[in-house]
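Trainee: here is my input, please return the structure:
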Amino acid sequence: MITHEENERLTRVGPGTPMGALLRRYWQPVCAAAELTAERPKQRIRILGEDLVVFRQPDGSYGLVAERCSHRGASLYYGFLEDGGIRCPYHGWLYDAGGACLEQPFEPAQSMMKHTLRHPAYPVQKLAGIVFAYMGPPDRQPILPRWDILLWESGTRTIEIRPVLNCSWLQAEENTADVTHTYFLHAYTFAKRGRPQMGGGFGRPFAQYGFQPFPWGLLKSWIYEGPRGGAGWGNLLVFPNMLRLEGAMHWRVPIDDTHTRIVRMEFRPSPDGSPAEQPGEPPVTYEPSWLNEEGEYHMDTFSSHDGMAWETQGPIFDRTAEHLGASDFGIVLLRRMLFDAMAAVHRGEDPQGIVRDPEQAACIDLESWLAERDYSAGTMEHAMQVRRRAREEVFDESHRVVDIPSTSTARQGTS
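Mentor: Next up, the predicted model:
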């Protein structure tokens, strides 16, 4: 159990908050590049409690600036893209992508105001069809991490934007540190609805689970028993607000304290591992609402299960009222990592997972940390030609393992 003050530190993300300061040290997805077109080159974005406008210039460059003009507060979303910048529709003040004021049409020539004024603006970079922004101190800007899934050429990518999550980002990220929810929230739910085949194997008799930190975040392990048993690990929690699955990566980006945007990148490999051309930017899809006509969660998909669990905890879950058990040790580890990282930022140091070495940033390997599997042609490992790490290479003395009692419902399996 944590205190109310600790819960506030973990969940408040606006400017000047400890968690807001931490999350601003990392590059965060702002939008999909395909969402900015010649016809609609601007988009309103709210992220970390700030209202911004992202735009794409005709030359293909991007900008991200505060929405309200520094003059009289009118929305720059309705402004004009000119001369590599954005001009306010109210009185014509022109800003470049770095926030410098290039022109104040009605001010005297001798005025120094435009030379001293700096409009809030943030650096952006495009990678694999996603526009990323860095919103932290300029002198602490790290290298944009080039995660392996964003660089692979032997397949195609799609981007999915999920419905706005009406709760804190941490409720989604703590789910990634939770290995046992897959049995009841997903497999058991599908089985009770007459669709056991949709459970993805999570309904096998569950015998053991475990947790261990790894260089980029947190690993989970599991052991199933019976004819379809087996040991596995993966579904990586990538610090601070990501999830890496086989062939997919999720970012849980705080819109503000009580709303979250989930961006999902999916990679589909070529059957034979050969390079695949993908003209233009990766296409963008938008997942439909998780609610049915009665305003209830339809519970027909994995993500609707997750959305129900996260949103029904409340806009900001009151962690002072929870009762954690052994199965929640991954959540405890995540919170420790977050508190340690906030303390590092307060001391002026880099938090965990910041990339400054260009050689390391060239391609950050996450794929090899996923569990060994018995693959055949056309699968991810075959297509990517990646050697997965053996179990003895992954786990060490920090691996905490818990046995599920033989009398547990989860030990029986859903089928």
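Trainee: the stretch 251-400 of the chain: strands as residue ranges?
Mentor: Under the criterion DSSP state E, counting those that start in this stretch, strands of the stretch 251-400 of the chain are mapped to 259-269, 284-286, 400-403.
Trainee: outside of the shortest one, which residues touch it?
Mentor: Put plainly, it is strand 284-286. By C-beta atoms under 8 Å, 6 or more residues apart in numbering, the residues outside strand 284-286 that reach it are Ala32, Ala34, Glu35, Thr158, Ile159, Glu160, Ile161. Every C-beta, even on glycine, is put in place using the N, C-alpha and C of the backbone.
Trainee: and that strand, average pLDDT?
Mentor: The pLDDT scores in strand 284-286 average 97.
Trainee: that one: which residues count as buried?
Mentor: Within strand 284-286, the residues that qualify as buried are Val284, counting by 16 or more other C-beta atoms under 10 Å.
Trainee: what's the answer for the longest one, then?
Mentor: Neighbour counts over strand 259-269 (16+ other C-beta under 10 Å) mark His259, Thr260, Arg261, Ile262, Val263, Arg264, Met265, Glu266, Phe267, Pro269 as buried.
Trainee: contacts only, for Val238.
Mentor: With contact set as C-beta under 8 Å, 6+ apart, Val238 has these partners: Trp147, Trp216, Gly217, Arg244, Met249, Gly353, Leu366.
Trainee: closest one to Glu277 among the strands of the stretch 251-400 of the chain?
Mentor: strand 259-269 (13.4 Å; C-beta to C-beta).
Trainee: which helices and strands does that closest one pack with?
Mentor: Counting contacts by 3 or more C-beta pairs under 8 Å, 6 or more residues apart in numbering; DSSP states H and E, strand 259-269 is packed against strand 28-32, helix 148-151, strand 155-161, helix 169-176, strand 248-256, helix 380-384.
Trainee: if we go to 7 Å?
Mentor: helix 148-151, strand 155-161, helix 169-176, strand 248-256, helix 380-384 (3 or more C-beta pairs under 7 Å, 6 or more residues apart in numbering; DSSP states H and E).
Trainee: save the strands of the stretch 251-400 of the chain as a markdown table, and put in distance to His186 too.
Mentor: As requested, these are exported to a markdown table (distance: least, C-beta to C-beta, whole Å):
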| stretch | distance to His186 |
| --- | --- |
| strand 259-269 | 17 |
| strand 284-286 | 21 |
| strand 400-403 | 20 |
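Trainee: minimum distance to Leu52: which of the ones you listed has it?
Mentor: strand 259-269 (12.7 Å).
Trainee: ok, which of the strands of the stretch 251-400 of the chain comes nearest Pro41?
Mentor: strand 284-286 (15.3 Å).
Trainee: list the strands paired with the closest one, with their directions.
Mentor: strand 155-161 (parallel) (DSSP bridges).
Trainee: between the strand it pairs with and strand 259-269, how big is the angle?
Mentor: Angle, strand 155-161 to strand 259-269, by axes from the mean of the first three to the mean of the last three C-alpha atoms, to 10 degrees: 160 degrees.
Trainee: so what's Phe211 up against?
Mentor: By C-beta atoms under 7 Å, 6 or more residues apart in numbering, the contact set of Phe211 is Leu218, Lys220, Phe329, Gly330, Leu333, Arg400.
Trainee: most neighbours of all those residues, which one?
Mentor: Highest neighbour count within the contacts of Phe211, by other C-beta atoms under 10 Å: Gly330, with 25 neighbours.
Trainee: pLDDT score assigned to that one?
Mentor: We have a pLDDT of 97 for Gly330.
Trainee: same check, this time on the one 10 residues further on
Mentor: Per-residue confidence at Asp340 stands at 98 (pLDDT).
Trainee: next, count neighbours for the closest residue to it other than its chain neighbours.
Mentor: In this structure, Asp340 finds its nearest non-sequential neighbour in Gln352, 7.3 Å apart by C-beta to C-beta, 6 or more residues apart in numbering. Applying other C-beta under 10 Å, we find 16 residues neighbouring Gln352.
Trainee: what's the answer for the one 5 residues further on, then?
Mentor: The burial count assigned to Asp357 is 9, neighbours taken as other C-beta under 10 Å.
Trainee: kindly report the same for Pro227.
Mentor: 7.
Trainee: on the three-state scheme, it is what?
Mentor: Under DSSP: H, G, I helix; E, B strand; the rest coil, Pro227 falls in the coil class.
Trainee: so how far is stretch 206-220 from its chain's centroid?
Mentor: With C-alpha atoms, centre = their mean, to the nearest Å as the basis, stretch 206-220 stands 19 Å off its chain's centre.
Trainee: how about it: buried residues?
Mentor: 206-207, 209-214, 216-220.
Trainee: got it, and stretch 324-342?
Mentor: Buried-residue list, stretch 324-342, by 16+ other C-beta under 10 Å: 327-331, 333-335, 337-339, 341-342.
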